[in-house]
Each structure stands twice: as C-alpha cells, then as structure tokens.
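Enquirer: Need a 3D model of the following:
(one chain, ligands or ions: 1)
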Amino acid sequence: MKQSLLRALKAVVGADGLTIDPTRLKAYECDSLAMIRRVPDLVLAPLDTREAAECLRILAEEGPPIIPRGAGTGLSGGATPHQGGVVFKTTRMRRVLEVNELDRFARVEAGVVNVDLSSACSHHGLSYAPDPSSQQACTIGGNVANNSGGPHCFRYGSTTRSIMGLVVVTADGEVHELGGPEPDAEGYDLVGCFVGSEGMLGVATEVTCKLIPAPETSETLLALFPSLDGACDAVTELIAANLEPSAIEILDRLTIEAVEASVLAAGYSDEAEAVLLIDVDGLNEEVRATVRDIEAIARSRGAFEVRTATDAKERRRLWAGRKGAFGAMGRIAPDLYVADVVVPRTRLKEIVLRSTELCRERGLKVSNVFHAGDGNLHPNISYDRRDADEVARVLDAGTEIMKACIAAGGSLSGEHGIGIEKRDEMHRVFNEDDLDAMLKMRAAWDPSGQMNPGKAIPVRGCMEVKTKPVAVAANGGSQ
Ligand SMILES: Cc1cc2nc3c(=O)[nH]c(=O)nc-3n(C[C@H](O)[C@H](O)[C@H](O)COP(=O)(O)OP(=O)(O)OC[C@H]3O[C@@H](n4cnc5c(N)ncnc54)[C@H](O)[C@@H]3O)c2cc1C
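Expert: Predicted coordinates for the structure are as follows:
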C-alpha cells in the first residue's frame with residue numbers, strides 16, 4: 001500500500017487507529033470460521049462516523065477491498081479478508097449515545113457489544129431482545145450485518161425486527177441516514193435492505209434499536225429427556241398447543257458432557273440424553289400457567305425430570321452453560337465447525353439423526369446444541385484444522401447436511417449468514433435471475449464492488465471469485 005495513502009489515513013485515525021505491523025495484522029486473518037485465512041494489508045479502526053467517512057473517501061481512490069468487522073465472532077467467514085485488503089473495524093466506536101425510555105429506543109455506535117446494550121437499557125426497565133449466544137463479545141453492527149438470531153429470537157424475532165434506523169457510510173465515503181425512531185418512515189425500507197447484507201453495502205456506524213419492556217416475570221425450565229427424539233417431540237407439541245415461551249433450546253448428550261466438564265458446569269444432568277432449556281416471560285399469572293402446561297407436555301413426551309430455576313442465580317447458571325457450549329467444545333478437539341441450517345420444526349429429529357449419520361460415515365464427532373423453537377440446527381463438528389484430510393471430511397459433511405436440510409424444506413442458514421462458507425451453495429436455493437437481482441441491488445449501493453467482495457453472492461464473469469476453504473498450517477499461513 002502506498003506510503004502517501006497510509007499517511008493520509010493516519011492523519012484521520014491517528015496511530016491507534018491504524019495497524020500495519022504484520023504480527024498484529026495476523027489477529028485479523030479470519031473470523032470464527034478458522035479454516036479460511038488471509039492476513040489483511042491494513043486494519044483501520046475509526047472512532048466515529050466522521051472518521052469512517054473520511055477514511056472510505058481516501059480509500060475510494062485506490063479501491064482495495066474493504067472488509068467491515070465487528071468482533072470477528074462470525075461463523076461463515078464474513079469478516080475474513082480472503083482477498084486481502086483493508087479490515088475496517090468498528091470496535092473503537094462503542095458509545096451508547098442515547099437510551100430513550102419514553103419512545104423505547106436506543107441509539108448506539110456500531111461497535112457496542114450486544115450485552116453492553118442490554119445492561120445499558122436494563123437500568124431503565126427495558127431490554128434489547130436479540131441475544132446471540134456470543135453476546136458477551138459480538139457487536140450490534142455485526143448483528144445487523146448478519147441479521148443475527150439468538151435463543152430469545154423465538155418469541156421476539158431476529159435482529160431485523162429490532163432495528164429502526166441506521167447511519168451507513170458507503171464505499172465512496174457518503175454518509176446516509178436510513179430510517180430512525182419514528183414509527184414508520186416513508187419510502188423504501190432501506191433499513192430492512194441493509195440488515196443481513198453481510199458488509200457488502202456499506203459500513204453501519206450507528207444503529208437505532210427498538211427496546212421492549214422487561215417482563216414482569218421470567219422463569220427458566222429445564223426438562224431432562226432419555227432421548228433427543230422426546231425433546232424434539234415436546235417442542236413441536238408445545239408450539240402446536242399455542243404456548244409461547246420466549247426461548248426453546250436443546251442440548252444433546254455430548255454437549256451436556258462438555259459443558260459439565262467445563263468452568264460453566266450448569267448442573268444439567270448426568271443421565272439425560274437431551275435437555276430442553278425453556279424461558280417463559282410475561283405477567284405472573286400467565287407465566288405460572290404456561291410453565292404448568294409445558295411441564296405436562298414435557299412429561300407426556302418422556303421427560304423424567306422437569307425443574308424450574310429457583311432464583312436469578314440459577315437461571316444465569318443454566319443459561320451460561322448453554323451460551324458457553326461452543327467454547328466448552330474446545331475440550332473435545334482444537335477446532336469446531338458450527339454448521340447452521342434451518343428446517344421446519346417437525347423435521348428436526350429426522351435431520352439431527354441424518355446429520356449424525358453423515359458425520360459418523362466420515363469418521364467425525366458431532367454434537368448438537370440448537371435453537372429448537374426456530375427449527376435452527378447447529379450440528380457442531382469437532383476437528384483439528386492441521387489435518388487437511390479431516391478438514392475435507394468436515395466440509396463434505398457440512399455440504400451434505402445442507403443438502404439434507406434443503407430437501408427437507410429448509411434453508412442454507414438459520415442465522416450465521418452465508419459469508420464465504422456457503423456462497424457457492426446459494427444456487428441450491430436461488431436461480432440465476434435471483435442471484436443477478438441481488439448483484440444489481442448490491443451495485444446500486446456500491447458500484448465499485450469494494451465492500452466485502454466475494455462474500456455471500458456467487459459472482460460471475462470478470463468478477464468471478466473461486467475461493468474454497470483449505471486447511472492451513474497450525475501457525476496459520478495464508479490460504
Ligand atoms: C460462541 C459463538 C456463539 C454464537 N451464537 C450465535 C447465535 O446464537 N446467534 C447468531 O445469530 N449468531 C451467533 N454466532 C455468530 C456471530 O456471533 C454473529 O454472527 C454476530 O452477529 C457477529 O458479530 P461480530 O460483531 O462478531 O461481527 P463480525 O464477525 O466481525 O462480522 C460479521 C459480518 O458482519 C459484517 N459487519 C460487521 N460489522 C459491520 C458494520 N458495522 N457494518 C457493516 N457490516 C458489518 C462483516 O463484514 C461480516 O460480514 C455465534 C458465534 C460464536 C463464536
């Protein structure tokens with residue numbers, strides 16, 4: 001990169017906002033999909049919208065790929081600089097700008113960590129609903145770009161339902177204010193268009209988030225099952241009975257063992273083949289009745305124990321085990337491939353069985369922890385990325401699991417986005433016209449194609465990109 005360009009950028013963000021040291025750049029070679037890596041040429045970390053706009057204006061002259069990045073917890077390679085370029089990270093933009101109790105919204109900078117927004121609004125008796133299991137680290141901007149889900153999205157919807165407005169800087173350095181706290185903005189729903197766009201339309205620098213009143217009561221139930229099938233059947237039945245918990249999660253035996261052997265031991269069970277973890281929110285009376293009905297259904301489907309957390313401390317412990325489950329898998333193997341697929345709920349147990357078979361046929365160890373209420377499965381395959389043959393088998397199993405889900409009426413991704421991981425599978429659910437329409441929409445925001453190129457949409461012709469995941473050395477050389 002030209003010295004004059006670096007000098008111009010440094011004049012905007014200062015020495016703390018610019019990284020060119022090769023050792024420090026290495027920290028940005030991938031997101032949490034560790035099997036695809038490339039060290040970026042530069043990392044920029046602006047402090048606010050003005051700095052972000054100024055940097056993008058300067059970079060527009062040179063035209064390198066710009067890869068927006070929050071905390072890098074994404075699981076589909078979305079923030080991985082697989083073509084090199086400039087990682088544009090938002091983690092220095094982390095101010096909560098406003099919490100408006102009366103109109104129930106918060107305005108935050110994009111680098112605010114999800115859990116920090118929750119605690120900022122809890123002082124006002126309000127809550128921000130989307131709660132990815134990575135919420136201790138992931139940013140609101142990353143949640144917006146991936147339209148992230150989380151356990152409580154079963155009742156409150158994924159991120160798109162909670163975003164009212166955005167400040168976005170496009171690749172040419174223009175600042176755009178989209179939507180806002182007013183109930184129904186005129187014109188096209190550009191906020192809806194940006195949410196889920198995986199960093200390909202621009203960099204979100206500020207986000208206006210919808211807040212909801214914290215419930216009068218919340219109860220957490222744990223139901224222990226002798227089989228995963230029983231737990232899946234209970235989920236289908238309780239939803240069919242119009243019960244409306246706020247979260248419905250399933251953990252299988254291998255996951256329970258990993259959690260219980262970790263610092264996050266939650267006291268789930270020594271005997272259960274599956275646990276169902278359910279939250280019920282609402283008014284006292286309503287919650288009591290729903291808990292009673294859920295317990296009856298769980299027992300009728302074979303649960304041998306159903307218990308309700310006795311206090312807030314126990315609730316936190318039960319949820320910490322669930323939310324820390326991916327991390328706990330580190331006990332099984334050095335790396336974890338978190339597949340993310342979605343199927344109609346009634347097909348859950350069939351697909352869990354099929355994905356387990358597909359992994360076993362390839363000599364792979366798989367565990368399951370998932371947002372059962374949404375039919376959103378995470379078959380988690382433990383592996384070692386230093387073993388190229390094992391990586392190939394993991395990817396093959398991932399593709400076969402995806403195909404099985406599509407055949408069962410499901411889709412490519414429940415919540416982690418497409419990124420690089422699933423880009424070349426998009427043709428399984430979209431035809432050429434669909435993909436062309438997506439590219440045209442992208443070009444309307446970013447005619448230069450600078451923003452996060454080669455992600456999510458397979459491109460053709462002169463823009464063709466054929467990056468495939470490859471195994472890398474443990475010390476992480478470029479792909
Ligand atoms: C342990 C663990 C648990 C997880 N649990 C869940 C879960 O329950 N639900 C769920 O949905 N996901 C989950 N994830 C995936 C991940 O945490 C989410 O996708 C999250 O939203 C990513 O946020 P981030 O700040 O880390 O974004 P990054 O990984 O840094 O980026 C993700 C994508 O967003 C783009 N991007 C980031 N910031 C911006 C911005 N300001 N403007 C424009 N584009 C931007 C990037 O280019 C990239 O394409 C989990 C991941 C881990 C590691």
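Enquirer: Okay, A388 and E206: tell me how far apart.
Expert: 43 Å (C-beta to C-beta, to the nearest Å). No exception for glycine: its C-beta is placed from N, CA and C like everyone else's.
Enquirer: next one: A214
Expert: When A214 is compared with E206 (using C-beta to C-beta), they lie 24 Å apart.
Enquirer: now P458
Expert: 31 Å.
Enquirer: More neighbours: A214 and E206, which one.
Expert: E206 (23 against 14; other C-beta atoms under 10 Å).
Enquirer: Burial check on the nearest residue to that one once chain neighbours are set aside, number of neighbours?
Expert: Using C-beta to C-beta, 6 or more residues apart in numbering and skipping residues adjacent in sequence, the residue nearest E206 is V167, 3.8 Å away. Number of residues near V167 (other C-beta under 10 Å) recorded here: 22.
Enquirer: now do G267
Expert: Neighbour number of G267 under other C-beta under 10 Å is 13.
Enquirer: likewise L358?
Expert: 21.
Enquirer: Please apply the same query to P22.
Expert: Counted with other C-beta under 10 Å, P22 comes out at 8.
Enquirer: Next, work out how far apart it and L377 are.
Expert: Distance from P22 to L377, by C-beta to C-beta: 39 Å.
Enquirer: swap in R50?
Expert: 43 Å.
Enquirer: got it, and A231?
Expert: 13 Å.
Enquirer: Those two: which is more packed in?
Expert: Neighbours per residue (other C-beta under 10 Å) separate A231 from L377, with A231 holding more: 31 against 26.
Enquirer: secondary structure class for that one?
Expert: helix (DSSP: H, G, I helix; E, B strand; the rest coil).
Enquirer: wait, it sits on G373?
Expert: No - between A231 and G373 there is no contact, the gap being 11.8 Å when judged by C-beta atoms under 8 Å.
Enquirer: what does stretch 190-199 rub up against?
Expert: 67-69, 78-79, 144-147, 159-160, 163-166, 168, 176, 178-179, 185, 201-202, 204, 417-419, 441-442, 451-452, 455-456 (C-beta atoms under 8 Å, 6 or more residues apart in numbering).
Enquirer: Can you give me the buried ones in stretch 409-428?
Expert: Residues 410, 412-423, 425-426 are the ones in stretch 409-428 that count as buried (16 or more other C-beta atoms under 10 Å).
Enquirer: and which of these is nearest the ligand?
Expert: E415 (3.3 Å; C-beta to the nearest ligand atom).
Enquirer: ok, that closest one - contacts?
Expert: Applying C-beta under 8 Å, 6+ apart, we find E415 in contact with P132, N146, N147, S148, G149, G150, C153, S158, D340, H371, N376.
Enquirer: Now name the helix or strand holding it.
Expert: Using DSSP states H and E, E415 is not contained in any helix or strand.
Enquirer: Likewise for G321?
Expert: G321 belongs to helix 312-323, assigned by DSSP H and E.
Enquirer: now the helix or strand following that helix, how far from the centre of its chain.
Expert: Once the chain leaves helix 312-323, the next helix or strand it forms, by DSSP H and E, is helix 325-328. Mean-position distance between helix 325-328 and its chain equals 15 Å (C-alpha atoms, centre = their mean, to the nearest Å).
Enquirer: Touching helix 325-328 from outside, list them.
Expert: Here helix 325-328 has contacts from 133, 251, 255, 258-259, 261-262, 264, 321, 336, 338, 369, 380, using C-beta under 8 Å, 6+ apart.
Enquirer: do it and the ligand meet?
Expert: Yes - Helix 325-328 reaches the ligand (C-beta under 6 Å from any ligand atom) through F326.
Enquirer: and that helix, C-alpha only, in PDB?
Expert: Output of helix 325-328 as PDB, limited to C-alpha atoms (Å, rounded to 0.1, in the frame of the first residue of the first chain):
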ATOM      1  CA  ALA A 325     -21.500 -24.500  24.900                       C
ATOM      2  CA  PHE A 326     -19.500 -23.800  21.700                       C
ATOM      3  CA  GLY A 327     -16.500 -22.800  23.900                       C
ATOM      4  CA  ALA A 328     -16.800 -25.800  26.100                       C
END
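Enquirer: Which other helices and strands does the following helix or strand past it contact?
Expert: Remark: after helix 325-328, the chain's next helix or strand is strand 335-338, criterion DSSP H and E. Contacts defined by 3 or more C-beta pairs under 8 Å, 6 or more residues apart in numbering; DSSP states H and E place strand 335-338 against strand 379-383.
Enquirer: Summarise which helices and strands the strand it packs on is packed against.
Expert: By 3+ C-beta pairs under 8 Å, 6+ apart, strand 379-383 packs against strand 335-338, helix 348-361, strand 365-370, helix 388-407.
Enquirer: Thanks again, I'm all set now.
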